[in-house]
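Asker: okay, predicted coordinates and the sequence, questions at the end:
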There are 2 protein chains.
Amino acid sequence: MDKPAETSVPVSDVIARRWSPRAYDEKAAVTEEQLRAILEAARWAASAGNTQPARYLVGRRGDETYKKILGTLEEGNQAWAHRASVLLIALTVTKNEKGQIYHAEYGLGLASQNLVLQAVHEGLIAHQMAGFSPEGVTEAFGLPDDVVPRVAIAVGKQAPADVLGDDRSVQRELAPRVRIPLSEYALSQWGTPAFKS
Amino acid sequence: MDKPAETSVPVSDVIARRWSPRAYDEKAAVTEEQLRAILEAARWAASAGNTQPARYLVGRRGDETYKKILGTLEEGNQAWAHRASVLLIALTVTKNEKGQIYHAEYGLGLASQNLVLQAVHEGLIAHQMAGFSPEGVTEAFGLPDDVVPRVAIAVGKQAPADVLGDDRSVQRELAPRVRIPLSEYALSQWGTPAFKS
């Protein structure tokens, strides 16, 4: 099932086709080459002064890392994310030898967008989650103080919405994607659209 | 001039080719359709709970918005960014009717990565800058308290490195891109690479 972005002019296919499904094929495999490609894509994102604040914990279905990550997800996310082939935690490194890393969370966002777009490029789907326990990740992985678990990400192959089981979850999966209009998003002045109509 | 990312497996062409040049063609035009496409790409990025914290101020060469943005850049950035066809400010909306927006800076990063990748897709280049005055932007555009200028972005067409003039700037433009190795970036445990070799 596709939910391409509704745009006033065409945009790159992977950008238009990326969304955040919850229906994963629990039997599908992500190849090592695919998994490596999505991490390579993230690694080459920009960051302020090339400080490279992003790191990823990578769990493959069945391994210890996957189990630990799954265990830190909120119940509502565990309910569907357990079908994903791969579970990741996006980590922010907040300090380096020069002190605090600025724009670290922004930089992590740049890297994660590369990651999810590369997943789409590989024929996979990805879903980022705020709903997990950062403290649980820190404890489970023994992370140092200057490394902050920020976002969990499920990656795998898409399945029909009905794998989600209950009607409410299926309806949510099928619902249209919505965004504020471009006229409120791209501005010449605060409150003034940058584009006519 | 290209500086494709050095990856152990192939990644999407636009992701591999994106970097942050400073040599812009000061006579080149970005079409309205191209400009609209890069903002549309940003608009459709994911955000936590679809809170959509990103907004962009859009300046076209010669207009008031462009002049104001250029005036807020640090001198070292003005020196090259004045040749860009478009100057943007990426803004974070920090609150909505439910209170604080969480993961707002991360969400802005997701949107900006879409933006810069769409620029590459359009045959353009983009360069994100932390070196500008957020206070200057807030004042020049009369932004409300809950809107934070976070990053400036130059967009345009690439020019040969020698437009930068001085040797040091040209050398910086020609220098190779560097990243930490994948073995330190993608981890199974803290300190343990997720991929063999």
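Answerer: It's in.

Asker: for chain A, what's the longest strand?
Answerer: The single longest strand within chain A, with elements called by DSSP state E, is strand A:147-156.

Asker: in that one, what counts as buried?
Answerer: Buried residues in strand A:147-156, counted by 16 or more other C-beta atoms under 10 Å in any protein chain shown: A:V147, A:V148, A:P149, A:R150, A:V151, A:A152, A:I153, A:A154, A:V155, A:G156. For every residue, glycine as well, the C-beta is placed using N, CA and C.

Asker: need those in JSON lines (columns: distance to B:P160).
Answerer: Below are the buried residues of strand A:147-156 laid out as JSON lines (distance: C-beta to C-beta, whole Å):
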{"residue": "A:V147", "distance to B:P160": "41"}
{"residue": "A:V148", "distance to B:P160": "41"}
{"residue": "A:P149", "distance to B:P160": "44"}
{"residue": "A:R150", "distance to B:P160": "39"}
{"residue": "A:V151", "distance to B:P160": "40"}
{"residue": "A:A152", "distance to B:P160": "44"}
{"residue": "A:I153", "distance to B:P160": "39"}
{"residue": "A:A154", "distance to B:P160": "44"}
{"residue": "A:V155", "distance to B:P160": "40"}
{"residue": "A:G156", "distance to B:P160": "44"}
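
Asker: chain B next: which of those residues are close?
Answerer: A:V147, A:R150, A:V151 (C-beta under 8 Å from any C-beta of the partner chain).

Asker: list the buried residues in stretch A:15-33.
Answerer: A:I15, A:A16, A:R17, A:R18, A:W19, A:S20, A:P21, A:R22, A:A23, A:Y24, A:D25, A:V30.

Asker: buried residues in stretch A:52-72?
Answerer: Residues of stretch A:52-72 classed as buried by neighbour count (16+ other C-beta under 10 Å): A:52-61, A:65-66, A:68-70, A:72.

Asker: what is the rounded mean pLDDT of that stretch?
Answerer: For stretch A:52-72, mean pLDDT rounds to 98.

Asker: can you give me the end-to-end span of it?
Answerer: For stretch A:52-72, the first-to-last residue distance is 25 Å (C-alpha to C-alpha, to the nearest Å).

Asker: also stretch A:77-89?
Answerer: For stretch A:77-89, the end-to-end distance is 14 Å (C-alpha to C-alpha).

Asker: what's the spacing between it and its chain's center?
Answerer: Averaging C-alpha positions (C-alpha atoms, centre = their mean, to the nearest Å) puts stretch A:77-89 11 Å from its chain's average.

Asker: again with stretch A:70-89
Answerer: 12 Å.

Asker: ok, it near chain B or not?
Answerer: No - applying C-beta under 8 Å from any C-beta, one finds stretch A:70-89 separated from chain B by no less than 8.8 Å.

Asker: only the buried residues of that stretch, if you could.
Answerer: Neighbour-count burial for stretch A:70-89 [16+ other C-beta under 10 Å]: A:70, A:72-73, A:77, A:80-81, A:83-89.

Asker: which residues touch the residue of chain A found nearest chain B?
Answerer: With C-beta to the nearest C-beta as the measure, A:G109 is the residue of chain A nearest to chain B, at 2.0 Å. Applying C-beta atoms under 8 Å, 6 or more residues apart in numbering or on different chains, we find A:G109 in contact with B:E105, B:Y106, B:G107, B:L108, B:G109, B:L110, B:A111, B:S112, B:Q113.

Asker: please, where are all the strands along chain A?
Answerer: Using DSSP E, strands in chain A cover A:54-60, A:86-93, A:95-96, A:99-100, A:125-129, A:147-156, A:186-189, A:192-193.

Asker: paired strands for the last one, with orientation please.
Answerer: Paired neighbours of strand A:192-193 in the sheet (DSSP bridges): strand A:186-189 (antiparallel).

Asker: pLDDT of the strand it pairs with, averaged?
Answerer: In the prediction, strand A:186-189 has an average pLDDT of 98.

Asker: what average pLDDT does the longest helix anywhere in chain A get?
Answerer: For chain A, the helix that runs over the most residues, judged by DSSP state H, is helix A:104-121. If you average the pLDDT over helix A:104-121, you get 98.
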